[in-house]
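Student: let me see the structure of the following:
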Amino acid sequence: MSLMDQLMADMKEAMKAKDKERLATIRMLKSALMYATIKDEGKLSDNELSREQELAVLGKEKKQREESIADLKKAGRDDLVAATEKELEIVESYMPKPFTEAELSQLVDETIAEVGASSKADFGKVMKAIVPKITGRADGKEVSKLVGAALSK
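Tutor: Sure, this is the predicted structure:
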């Protein structure tokens with residue numbers, strides 16, 4: 001079942017349950033995916049996003065919610081923090097399970113071996129190879145630190 005099909009099914013369920021918060025968040029996710037599909041229409045086969053592209057959209061929406069929560073806390077808007085945290089929780093429910101630290105370290109080591117990297121000069125090559133593997137499951141900054149540390153050994 002594609003992500004769009006899952007969202008449609010969950011949207012119907014939220015309507016029946018009269019869960020307005022969940023319904024609004026699902027509609028927002030659906031809209032973001034539709035926008036990405038339309039924006040990349042010329043580049044897509046069958047006018048459908050790949051799993052990686054869907055995860056990239058979900059990751060973007062997740063990051064927006066995290067930044068909003070931080071900004072709202074700074075502004076002292078606790079009333080909006082709770083609602084945004086609920087949205088974040090719903091967005092995360094559609095994302096795959098994040099990598100553990102051990103899995104991430106292992107993936108970094110495997111990718112370094114795969115591209116034959118041996119020094120910091122190969123950092124870009126490693127990142128280019130690893131980013132598609134981590135999309136939606138790990139933070140790029142964290143992976144960047146791990147790759148930098150592994151290459152400086």
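Student: tell me which element the nearest residue to R27 once chain neighbours are set aside falls in.
Tutor: Closest residue to R27 apart from its sequence neighbours, by C-beta to C-beta, 6 or more residues apart in numbering: M11 at 6.8 Å. Placement of C-beta: from N, CA and C, glycine included. Element membership for M11 (DSSP states H and E) is helix 3-17.
Student: pull the residues that contact the following helix or strand past that helix.
Tutor: Using DSSP H and E, the helix or strand that follows helix 3-17 in sequence is helix 20-39. For helix 20-39, contacts defined as C-beta atoms under 8 Å, 6 or more residues apart in numbering pick out 3-4, 7-8, 10-11, 14-15, 44, 47-49, 53-54, 56-58, 60-61, 83, 86-87, 90-91, 94.
Student: likewise stretch 88-104?
Tutor: 3, 6-7, 21-22, 25-26, 29, 55, 58-59, 61-62, 65-66, 69, 107, 134, 136-138, 142-143, 146.
Student: report pLDDT for A9.
Tutor: On the pLDDT scale, A9 is placed at 95.
Student: how much space separates it from D71?
Tutor: 33 Å (C-beta to C-beta, to the nearest Å).
Student: tell me the phi and psi of the residue lying closest to G59 once chain neighbours are set aside?
Tutor: Once flanking residues are discounted, G59 sits nearest to G136: 5.0 Å by C-beta to C-beta, 6+ apart. Per-residue torsions, G136: phi 80, psi -10 (degrees, to the nearest 10).
Student: ok, L72 - how many residues close by?
Tutor: When counting by other C-beta atoms under 10 Å, one arrives at 18 neighbours for L72.
Student: with the one 10 residues further on instead?
Tutor: Using other C-beta under 10 Å, the number of residues around A82 comes to 11.
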